[in-house]
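Peer 1: this is a predicted model, with the sequence first.
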Amino acid sequence: MANVDEIPIIELSGEVLGLGRESEKWKALIKKVREAFEEYGCFIVEYDKIPIELQEELFNATKMMFDLPQERKHLYKKPSHRDGGYVVSNPFVPLYESFGVYGEHEVRAFEKLMWPEGKPGFCEVLQSVNTKMLELNLLILRMTFESFGLGEYYQSKDLDHNIIGNLRAMKYKVPKENEQGIGLHTHIDKTILTILCQNSVQGLEALSPQGNWITLNVPKGGLVIIAGDAIEVWSNGRLKPLKHKVVMSGDKERYSCGFFSIPNDGVTIEVPQDLVDKDHPPLYRPFVYSEYLLENITNVNMDALQVYAGI
Ligand SMILES: O=C(O)CCC(=O)C(=O)O
Ligand SMILES: [Fe+2]
């Protein structure tokens, strides 16, 4: 097991959003982001626009969701072909339980279904986190593209307006004495990027591209940024999606919340021409991401993308 301190921590203040693209600070930051993705497939950010207080409000809201009676939770069905709805623990992941809620409309519908009498403040917290997570996601994605000299490509595809995200709240029970601590098995995310926040209970483990399992020690308020498989296509294989899992130990429940970004329905993704030359042939054919998800959402094989769109 590698040293827990290895995963880089990058400080991002809201001020970064306004930095000039030619400023030394911006250039240094995008270099850090690129290097972290290359070496670890993930990194931690400290971001003042999603402060600890907002994260605490989020965890209070998600606790209320999980504390609902079981029959009520089951009323919340998967809303579309995408990941979502209420997922109850099962023999494959006995400690895990989650709610995936999409977009503004759905948060309101969710509140109505779970608390017909209303739950003051609930929607506002989820909306606020959703909006800020999307903003952070777009910032990091733009930094990643710019680190490859693809700032114009990012603009030309209008990615700021072609990406959506799903907020998922997760709870992991404490394993019983004779039970294994697996919270989530090793997987990669079928996302562009995943942003995770967690309560104080650690458990996330990452497999670095060099093949070392690293136990993350996320500082309070820190957000974990994980490369999903769309990043591999857009970087023509220079960046890899992170293999990761959750392992539970100790005697406290773990709560985490993830923002999972994907291209909008119908958007085609492709290898940028600037990353293709005779030493780097294109590794993927262009494809509509939502169609890939439609066919593969329940596919747990880690070569799903390769099989679907690999050349
Ligand atoms: O709970 C976590 O920290 C990780 C969750 C995760 O990897 C996932 O939902 O894809
Ligand atoms: Fe994941």
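Peer 2: Ah, there it is. Ligands and ions are numbered 1, 2, ... in the order given.

Peer 1: every contact and neighbour count from this point should use C-alpha atoms.
Peer 2: OK.

Peer 1: grab the most central residue of the chain for me.
Peer 2: Centroid-nearest residue in the chain, with C-alpha atoms, centre = their mean: residue 194, separated by 1.3 Å.

Peer 1: residues touching that one, list them.
Peer 2: For residue 194, the contact set (C-alpha atoms under 8 Å, 6 or more residues apart in numbering) comprises 224-228, 258-261.

Peer 1: which of those residues lies closest to ligand 1?
Peer 2: Closest to ligand 1 out of those is residue 258 (6.6 Å), distances taken as C-alpha to the nearest ligand atom.

Peer 1: picking up where we left off before, sec struct for the residue nearest to the centre of the chain, please.
Peer 2: Here residue 194 is strand, with the state taken from DSSP: H, G, I helix; E, B strand; the rest coil.

Peer 1: whichever helix or strand residue 295 is part of - what's its average pLDDT?
Peer 2: Using DSSP states H and E, residue 295 sits within helix 289-296. For helix 289-296, the mean per-residue pLDDT is 92.

Peer 1: what does it contact?
Peer 2: Here helix 289-296 makes contact (C-alpha under 8 Å, 6+ apart) with 81-82, 190, 262-269, 304-305, 308.

Peer 1: just the buried ones from those residues, in ChimeraX syntax?
Peer 2: Only the buried entries of the contacts of helix 289-296 go into this ChimeraX selection, using 16 or more other C-alpha atoms under 10 Å:
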select :82,190,262,263,264,267,269,304,305
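
Peer 1: which of the contacts of helix 289-296 lies closest to ligand 1?
Peer 2: residue 190 (8.6 Å).

Peer 1: isn't that closest one right next to residue 232, touching?
Peer 2: No - using C-alpha atoms under 8 Å, residue 190 is not in contact with residue 232, being 10.7 Å away.

Peer 1: now do the buried residues in the helix or strand where residue 123 lies.
Peer 2: Element membership for residue 123 (DSSP H and E) is helix 122-147. Under the neighbour-count criterion of 16+ other C-alpha under 10 Å, helix 122-147 has 122-123, 125-127, 129-130, 133-134, 136-138, 140-147 buried.

Peer 1: what's the following helix or strand after it?
Peer 2: The element immediately downstream of helix 122-147 (helix or strand, assigned by DSSP H and E) is helix 151-156.

Peer 1: who does that next one touch, helix- and strand-wise?
Peer 2: With contacts taken as 3 or more C-alpha pairs under 8 Å, 6 or more residues apart in numbering; DSSP states H and E, helix 151-156 sits against helix 122-147.

Peer 1: avg pLDDT for the helix it packs on?
Peer 2: Averaged across helix 122-147, pLDDT comes to 96.

Peer 1: and it, how far out from the chain's middle?
Peer 2: 10 Å (C-alpha atoms, centre = their mean, to the nearest Å).

Peer 1: up against ligand 1, what does the protein have?
Peer 2: For the chain, the contact set with ligand 1 under C-alpha under 6 Å from any ligand atom comprises 189, 204, 256.

Peer 1: next, count neighbours for the second one.
Peer 2: Look at residue 204: counted by other C-alpha atoms under 10 Å, it has 20 neighbours.

Peer 1: which element, helix or strand, includes the residue in the stretch 51-200 of the chain that ligand 1 sits nearest to?
Peer 2: For the stretch 51-200 of the chain, the nearest residue to ligand 1 under the criterion C-alpha to the nearest ligand atom is residue 189, separated by 5.6 Å. Per DSSP H and E: residue 189 is located in neither a helix nor a strand.

Peer 1: contacts only, for it.
Peer 2: With contact set as C-alpha under 8 Å, 6+ apart, residue 189 has these partners: 227-229, 241-242.

Peer 1: and the residues you listed, which two are furthest apart?
Peer 2: Pairwise distances across the contacts of residue 189 (C-alpha to C-alpha) peak at 8.3 Å, for the pair 229 and 242.

Peer 1: what is in contact with the two at once?
Peer 2: Counting by C-alpha under 8 Å, 6+ apart, the common neighbours of residue 229 and residue 242 are 188-189.

Peer 1: where does the prediction get shaky in the stretch 101-250 of the chain?
Peer 2: When residues are selected by pLDDT under 70, none of them lie in the stretch 101-250 of the chain.
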